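In: structure of the sequence below:
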Amino acid sequence: MTPTCPYAFTVGSFVLGVLHERESEEFRRHADECLHCKQEIAELAPTARLLKTFKAQLRAVDEPHSRPVRLVSPAAAPHRYQRGDPWPLW
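Out: Okay, the predicted model is just below:
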């Protein structure tokens, strides 16, 4: 699929916060007017927040004298299939 907006490839960098200040401001002004970019930002923002959380957790693990950090909560861990469980339908 061909992007409909010349800024389509800038959205990911913007959401991850890796653009220079000038580029970020320029894109922000553009995104205020562009429906395509607004939708892309809305779709990518949750993933960017998750990556930011993991990065912070990894930094905490790397720090000396830090307490252990669980990177994935038990509720989010994948189910381990046992004998008698129905086969997954994926």
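
In: report pLDDT for residue 66.
Out: You'll see residue 66 listed with a pLDDT of 57.

In: which stretches of this structure have low pLDDT?
Out: 1-3, 62-90 (pLDDT under 70).

In: try it again at 50.
Out: The chain contains residues with pLDDT under 50 at 1, 90.

In: the nearest residue to residue 40 once chain neighbours are set aside: neighbour count?
Out: Spatial nearest neighbour of residue 40, chain neighbours left out: residue 11 (4.2 Å); criterion: C-beta to C-beta, 6 or more residues apart in numbering. The way it works is simple: take the backbone N, C-alpha and C, and place the C-beta from them, glycine included. Other residues near residue 11 come to 22 when the count uses other C-beta atoms under 10 Å.

In: and residue 7, its phi and psi?
Out: Main-chain dihedrals, residue 7, degrees, to the nearest 10: phi -90, psi 10.

In: my read: it touches residue 30, true?
Out: Yes: between residue 7 and residue 30 there is a contact under C-beta atoms under 8 Å: 5.4 Å.

In: need the residues touching each of these two.
Out: residue 37 (C-beta atoms under 8 Å, 6 or more residues apart in numbering).

In: in the chain, which helix is the longest?
Out: The longest helix of the chain (DSSP state H) is helix 35-62.

In: which other helices and strands contact it?
Out: Here helix 35-62 touches helix 11-16, helix 21-33, going by 3 or more C-beta pairs under 8 Å, 6 or more residues apart in numbering; DSSP states H and E.

In: mind listing what's buried along that helix?
Out: Across helix 35-62, burial judged by 16 or more other C-beta atoms under 10 Å covers 37, 40-41.

In: save these as JSON lines, and put in distance to residue 23 too.
Out: Putting the buried residues of helix 35-62 into JSON lines (distance: C-beta to C-beta, whole Å) gives the following:
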{"residue": "37", "distance to residue 23": "14"}
{"residue": "40", "distance to residue 23": "16"}
{"residue": "41", "distance to residue 23": "15"}
